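**Student:** Using only what follows, build the 3D model:
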Amino acid sequence: MHEITKALIKAFASLLHPRMLLLMLWPVIIALVLWLGLAFAFWSQAATWLQLQFEQSAAIGWAVTVWPLSLIATHLAWILLALLFVPLVLVTAVLIISMFAMPAMVTHVAARAYPQLARRQGGTVAGSVWNGVAALAWLALLLVLSLPLWFLPLLWPVLPVVLFGYLNQRVFRYDALAEHATGWEMQTLFQRHRRELFLLGVALALVGLVPLLGFFAPVYGGLAFIHYCLARLAQLRDEPVATQ
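**Tutor:** Okay, here's the model as predicted:
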């Protein structure tokens with residue numbers, strides 16, 4: 001937990017640099033423009049299709065007969081699409097940062113905080129793309145598997161945090177280490193610090209829930225994972241015996 005706290009504090013300090021402040025804007029703007037365009041083009045069709053599916057559901061059919069549930073049920077598709085909009089923007093921003101911004105962020109952090117850490121180039125661009133695709137696929141699978149749990153109101157605040165926590169750690173951990181760690185070092189760190197990586201992802205998911213501030217959480221998250229992972233890599237290399 002101490003390393004997680006240190007990473008979050010150091011990430012905030014790194015975020016105040018002008019180069020990082022600029023990075024806070026363009027990935028979120030691109031993601032926002034993309035989803036606003038898709039919403040403008042397909043919102044009505046998507047809402048109509050969803051509402052039709054809901055009306056064929058026995059649970060929704062019962063809710064329509066009960067006030068005030070009837071008011072919610074008749075607009076459930078629009079409510080659901082509105083609730084999905086912000087998470088979709090944030091997921092897209094995370095993937096954009098992972099593929100296009102993380103190398104510059106790693107270079108920035110490493111030059112200032114870890115200048116003696118050797119670059120062993122264990123990751124590749126193809127590896128980063130595949131990691132992002134795999135993270136999305138696992139996120140979609142976890143979302144489907146967790147669908148029954150969304151009917152339990154007490155879990156509504158928990159499920160998005162857990163899912164975004166998973167996405168954050170799965171996407172950012174690879175890119176944070178790709179330039180400096182070997183393949184063996186990456187796998188060792190992922191296995192050894194799996195719990196802390198997930199907890200760091202959850203902490204950043206909670207930051208993402210803060211209104212307005214949440215739109216800038218992806219860059220902050222990337223910086224936090226860079227600080228955490230490079231610090232753990234330095235510790236690994238300082239161990240008395242570290243063989244591949």
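
**Student:** Number of residues surrounding the residue lying closest to Pro27 once chain neighbours are set aside?
**Tutor:** Distances taken as Cβ to Cβ, 6 or more residues apart in numbering put Ile96 closest to Pro27, at 4.3 Å, once the chain neighbours are dropped. Bear in mind the C-beta positions are built from the backbone N, C-alpha and C, glycine included. Around Ile96 sit 20 other residues, with neighbours defined as other Cβ atoms under 10 Å.

**Student:** confidence score at Ile96?
**Tutor:** pLDDT recorded at Ile96 is 89.

**Student:** how about it, what does it touch?
**Tutor:** With contact taken as Cβ atoms under 8 Å, 6 or more residues apart in numbering, Ile96 is in contact with Pro27, Ile30, Ala31.

**Student:** State the distance from the second one to Leu167.
**Tutor:** By that I understand Ile30. Here the distance between Ile30 and Leu167 works out to 18 Å (Cβ to Cβ, to the nearest Å).

**Student:** can you list the contacts of Ile96 in JSON lines and add pLDDT and secondary structure?
**Tutor:** JSON lines is the format used below for the contacts of Ile96 (pLDDT from 0 to 100; DSSP: H, G, I helix; E, B strand; the rest coil):
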{"residue": "Pro27", "pLDDT": "87", "secondary structure": "helix"}
{"residue": "Ile30", "pLDDT": "91", "secondary structure": "helix"}
{"residue": "Ala31", "pLDDT": "89", "secondary structure": "helix"}
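
**Student:** Specify which member of these is nearest to His180.
**Tutor:** Nearest to His180, judged by Cβ to Cβ, of those is Pro27 at 22.5 Å.

**Student:** and that closest one, how many neighbours?
**Tutor:** By the other Cβ under 10 Å criterion, the neighbourhood of Pro27 contains 24 residues.

**Student:** Tell me if I'm right that it and Ala217 touch.
**Tutor:** No: no contact is recorded between Pro27 and Ala217 when judged using Cβ atoms under 8 Å, the distance being 11.1 Å.

**Student:** Give me the pLDDT for Gln235.
**Tutor:** 95.

**Student:** and if you look at Ile29?
**Tutor:** With respect to pLDDT, Ile29 scores 88.

**Student:** Return the distance of it relative to Pro103.
**Tutor:** Distance, Ile29 to Pro103, using Cβ to Cβ: 20 Å.

**Student:** if I pick Leu189, what's in contact with it?
**Tutor:** Arg173, Leu177, Ala181, Cys229, Arg232, Leu233, Leu236 are the contacts of Leu189 under Cβ under 8 Å, 6+ apart.

**Student:** from those, which ones fall inside helices?
**Tutor:** Cross-referencing these against helices under DSSP state H gives Arg173, Leu177, Cys229, Arg232, Leu233, Leu236.

**Student:** Pipe these into TSV and attach neighbour count per row.
**Tutor:** As requested, the ones in helices among the contacts of Leu189 are exported to TSV (neighbours: other Cβ atoms under 10 Å):
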residue	neighbour count
Arg173	26
Leu177	25
Cys229	28
Arg232	23
Leu233	23
Leu236	15
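
**Student:** Return the member of those residues nearest to His2.
**Tutor:** Within the set of those, Arg232 lies nearest His2; the separation is 11.9 Å, counting by Cβ to Cβ.

**Student:** so which strand or helix has the spatially closest residue to that closest one that is not a sequence neighbour?
**Tutor:** What sits nearest to Arg232 in space, not counting adjacent residues and going by Cβ to Cβ, 6+ apart, is Leu189, at 5.4 Å. Here Leu189 sits within helix 183-192, counting by DSSP states H and E.
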